[in-house]
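Sequence first, predicted coordinates after that:
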Amino acid sequence: MATPDQEKSRPGALLSVLAWATPLLAVGWAFDLYRPLGVAPVQAQFVAAMLAFALPAVFLKGGAAARWRDWAFAALSAGAAGYMAVNADRLGLEIVYRPADGIVACSILLVCMLEALRRSAGWVLVGLVLAFLVYGVLGDAIPGTLQARDVPVDRQVLYLVLDSNGLLGVIPGIACTVVVAYILLGNLLLESGGGRFFTDLSAALLGRARGGPAKVAVGASALFGSISGSAVANVVSTGVITIPLMREAGYTREQAGAIEAVASTGGQLMPPIMGAAAFLMADFLSVSYAEVVVAAIVPSLLYYIALFIQVDLEAARRDLRAPPGAATVRLGGVLRAGWYVPLPFAVVVVGLFAFNMPPEIAAYEAAALLLCVVAAAGYGGRRSPLAVAAAAIPATGHAVAELIVIAGGASFIVAVINLSGFGFSLTLGLVDLARQSLVLLLLLAALISVVLGMGMPTVAVYVLLAALVAPALIKAGVAPMAAHMFVIYFGMMSMVTPPVAIAAFAAATLAGGSQMGTAATAVRLGWTAYIVPFLFVASPSLLLEGSAGETALATGTALGGVWLVSVAVAGYLWRPLPAALRCLWAAAGIALMTPAGAFAGAIWSDAGGFVAGAALVAWEARRRRPAPS
């Protein structure tokens, strides 16, 4: 008979096996290692195999606290997913005949997925999935344009799992391949000291400037967020270091939390390694991931430049000096110890742009190089590649288990939208609205994106918006890349927009400040993300689409406009600015930000904004008084 200690150790040992299995399965799929073994699975079978490990990992996450129902769900989900891993190819061919074994396996998998989704993402996403499932079953009784197709329930169950839009289709497939590869690369970087390197590098470059800790938070969160793929995870990881430093430097609790939340949220849109949603965007648009990276460069730079300017002006207003310990981090020492950390990023960029590699292969090659270099130079004394890999692989397994479940839940929504015809009906309704006013459609799309994104994980937010909102924008004449960038920006800003701003609330908890106060401050600091999407919809030159001259002009005027508006939002330059003058600064900035190709005569808007901005700067320079000695 097993001892109590042995009983307690069983869930932990099983969780460890499951955590190791999922990343290793993904590596085997990426390099086609199964074929030499005489196994040639299709993608649906591979995704089912990944689910067979990911679902039990979610149900047994409590370890020794796992109860009988956790074990029951784990066994049912593993059995159903394992059966699909063996038979998905056959069932996909027989789907029109509604095979009984497929209906049973898919039904079990659907129920297990909903429970796993509840445990991974909470009731918000589960409620949304259930609402769409009910619509798929009962929507044919709804009169009018939103009436759904009449599809038998058993066929819907099979479709939700087996179709290319469903659980074993494209969206979870990307999560199981590309996203796993980049999460593994990110964990290898963190375990080898990369996260500490980013923080130390930011501290060495910015720590001794006025408001240095806040600038360190902006720099470190931008760098770390580009590999973490999660706003909340970024807040928790870097915020525990940066928020206390900002508080020590003199920022209020709400300001410290808001700066960290806004910086962490933008990391998901920061090239070259963006969050998981960027890979899904490439698939939705049928373009390479490299094209998505290029399009994201200018908007992400504008986002962080505006945040940096506001942080600096707030520090100037309140005369916030660097803390005494800021001078202890030296740039030379940081670069000597962590020179290898940028190498994986370089491998990814060269692989994507120069050799047109699949994104997951570029990530695995970067990971292999990183492990080789760690043996010679690990940051902070971490020089054991085996130890780094042994920590990073199971950490990846634990992270991707919930991510795969969330991607599967999002795939259910997309499957219902396609099968019921809801997406087509909604697109027609929104396009009719666009005939009245494209601006009205964009405002409505922005509002829908923020509302639907509240409390939702990043992947689910983007998939939902890409299926519901982006097609209507494209039908209305918006460029496809601009439409998808538009919805992802507003979906991401739901992380800091009240009333459900999960990234801002996490930062407020670390800072000990008011949750709503932190979220309101975050909205003010992240203002560019609410304006720039309208600009690149009007003129995709901000997404680097167009001639070199057009993109250079649009980028230059946008940078100038961002500085002017940031001064207006901060309310300070060399002195506090009165409200009327701030309005003039904001008007000049928005006029200058507007791309020359946004509308006929927009070049005169740029010229007027430039002249007005120059006049305002000259006015403030003339009024500037020398600081007292």
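Sure, I can see it.

Report the distance from the top helix by length along the chain to the chain centre.
For the chain, the longest helix by residue count, based on DSSP state H, is helix 385-420. Offset of helix 385-420 from its chain centre (Cα atoms, centre = their mean, to the nearest Å): 13 Å.

ok, then the element right after it?
Counting by DSSP states H and E, the element after helix 385-420 in chain order, helix or strand, is helix 422-436.

For that next one, give me every contacting residue.
For helix 422-436, contacts defined as Cβ atoms under 8 Å, 6 or more residues apart in numbering pick out 132, 135, 139, 145-148, 416-417, 440-441, 444-445, 467-469, 471-473, 475-477. Every C-beta, even on glycine, is put in place using the N, C-alpha and C of the backbone.

Please write out the alpha-carbon positions of it in CSV.
Coordinates of each C-alpha in helix 422-436 appear next as CSV, following Å, rounded to 0.1, in the frame of the first residue of the first chain:
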residue,chain,number,x,y,z
PHE,A,422,-23.5,35.1,-37.5
GLY,A,423,-20.2,36.6,-38.7
PHE,A,424,-21.7,37.3,-42.1
SER,A,425,-24.8,38.8,-40.7
LEU,A,426,-22.9,41.0,-38.3
THR,A,427,-20.5,42.1,-41.0
LEU,A,428,-23.5,43.2,-43.2
GLY,A,429,-25.0,45.2,-40.4
LEU,A,430,-21.7,47.0,-39.6
VAL,A,431,-21.1,47.6,-43.3
ASP,A,432,-24.5,49.2,-43.6
LEU,A,433,-23.5,51.5,-40.8
ALA,A,434,-20.2,52.3,-42.6
ARG,A,435,-22.2,53.6,-45.6
GLN,A,436,-23.5,56.3,-43.3
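
That one to helix 385-420, inter-axis angle?
With axes from the mean of the first three to the mean of the last three Cα atoms, to 10 degrees applied, the angle from helix 422-436 to helix 385-420 works out at 80 degrees.

From the contacts of helix 422-436, which land in helices?
Assigned to helices by DSSP H, the following of the contacts of helix 422-436 qualify: 132, 135, 416-417, 440-441, 444-445, 467-468, 471-473, 475.

from those residues, which single one is nearest Phe31?
The closest of the ones in helices among the contacts of helix 422-436 to Phe31 turns out to be Ala467 (Cβ to Cβ; 31.5 Å).

The closest one contacts Ala415, doesn't it?
No: under the criterion of Cβ atoms under 8 Å, Ala467 makes no contact with Ala415, lying 9.7 Å away.

Name the nearest residue to Tyr34, sequence neighbours excluded.
Once flanking residues are discounted, Tyr34 sits nearest to Gly28: 5.9 Å by Cβ to Cβ, 6 or more residues apart in numbering.

How many neighbouring residues does that neighbour have?
Residues near Gly28, counting by other Cβ atoms under 10 Å, number 16.

Name the helix or strand for it, please.
Taking DSSP H and E as the criterion, the element that holds Gly28 is helix 4-30.

between that helix and helix 385-420, how big is the angle?
Using the same axes, to 10 degrees: helix 4-30 against helix 385-420 is 70 degrees.

residues of stretch 601-615 that come out buried?
Ala602, Ile603, Ser605, Asp606, Gly609, Phe610, Ala612, Gly613 (16 or more other Cβ atoms under 10 Å).

Just send those back as TSV, with distance to Tyr34 and secondary structure too.
Output for the buried residues of stretch 601-615, formatted as TSV (distance: Cβ to Cβ, whole Å; DSSP: H, G, I helix; E, B strand; the rest coil):
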residue	distance to Tyr34	secondary structure
Ala602	55	helix
Ile603	58	helix
Ser605	58	helix
Asp606	57	helix
Gly609	59	helix
Phe610	60	helix
Ala612	64	helix
Gly613	61	helix
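
before we move on, the earlier item: ok now the helix holding Gly28, how far from the chain's centre?
Between the centre of helix 4-30 and the centre of its chain there are 27 Å (Cα atoms, centre = their mean).

So which elements touch that helix?
In terms of contacts (3 or more Cβ pairs under 8 Å, 6 or more residues apart in numbering; DSSP states H and E), helix 4-30 is packed against helix 43-59, helix 180-191, helix 359-374, helix 385-420.

Give the burial count for the residue lying closest to Val126 once chain neighbours are set aside, as a bare number.
Closest residue to Val126 apart from its sequence neighbours, by Cβ to Cβ, 6+ apart: Arg118 at 4.7 Å. For Arg118, the number of neighbouring residues by other Cβ under 10 Å comes to 18.

Can you classify Arg118 as helix, strand or coil?
Here Arg118 is recorded as helix under DSSP: H, G, I helix; E, B strand; the rest coil.

hang on, isn't it packed against Leu128?
No: the criterion here is Cβ under 8 Å, and Arg118 misses it with Leu128 at 11.8 Å.

tally of neighbours for Tyr97?
10.

I'd like the distance between it and Asp150.
Going from Tyr97 to Asp150 by Cβ to Cβ, to the nearest Å gives 19 Å.

Over to Met481?
According to Cβ to Cβ, Met481 stands 36 Å off from Asp150.

who's more crowded, these two?
Taking other Cβ under 10 Å, Met481 and Asp150 do not tie; Met481 has more neighbours (22 against 10).

Quick check: phi and psi on the more buried one?
Dihedral angles of Met481 (phi, psi; degrees, to the nearest 10) stand at phi -60, psi -40.

burial count for the closest residue to Leu188 other than its chain neighbours?
Leaving aside its sequence neighbours, Leu188 sits nearest to Ala392 (Cβ to Cβ, 6+ apart; 4.5 Å). Neighbour count of Ala392, defined by other Cβ under 10 Å: 24.
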